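>>> Starting from these lines, generate the structure:
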Amino acid sequence: MLPTENPVLDFDIETIKVQGLSISQSGVSFLFAGDLDRKDILVGLTVLEEKVIWFHSEIVRKKQFPEADFWEYGVKFLRKVSE
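Numbering: from 1, shown residues only. I've put the predicted structure just below:
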């Protein structure tokens, strides 16, 4: 979700890359092998393998799968980050 190269953002942030499960106009869902302890996050979507579009977002759902040691997250896009 959060590519390590972030030309729009001018501050240091912790980043992780995940594979999205589904995406819609209002948000995205993804799997991650960890419990994210934040609600507000930035999500970067890679478009055409070279451009990243960033969104202020909110984790609205998370479900743990203990037998597989991972979590499913549902994220709502709040607004696009201005470039």
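>>> mind listing what the residue of the chain most remote from its centre touches?
In the chain, counting by C-alpha atoms, centre = their mean, residue 67 sits farthest out from the average C-alpha position, at 23.4 Å. Contacts for residue 67 (C-beta atoms under 8 Å, 6 or more residues apart in numbering) come out as none. Bear in mind the C-beta positions are built from the backbone N, C-alpha and C, glycine included.
>>> and if you look at residue 68?
Here residue 68 is in contact with no residues (criterion: C-beta under 8 Å, 6+ apart).
>>> Check the offset of the longest strand belonging to the chain from the chain's centre.
If you go by DSSP state E, the chain has its longest strand at strand 51-65. Taking the mean C-alpha point of strand 51-65 and that of its whole chain, the gap between them comes to 4 Å (C-alpha atoms, centre = their mean, to the nearest Å).
>>> What is it packed up against?
Packing partners of strand 51-65 (3 or more C-beta pairs under 8 Å, 6 or more residues apart in numbering; DSSP states H and E): strand 27-32, strand 40-47, strand 70-80.
>>> Switch those over to a markdown table, and while doing so, append distance to residue 57 to every line.
Output for the helices and strands packed on strand 51-65, formatted as a markdown table (distance: least, C-beta to C-beta, whole Å):
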| stretch | distance to residue 57 |
| --- | --- |
| strand 27-32 | 7 |
| strand 40-47 | 5 |
| strand 70-80 | 5 |
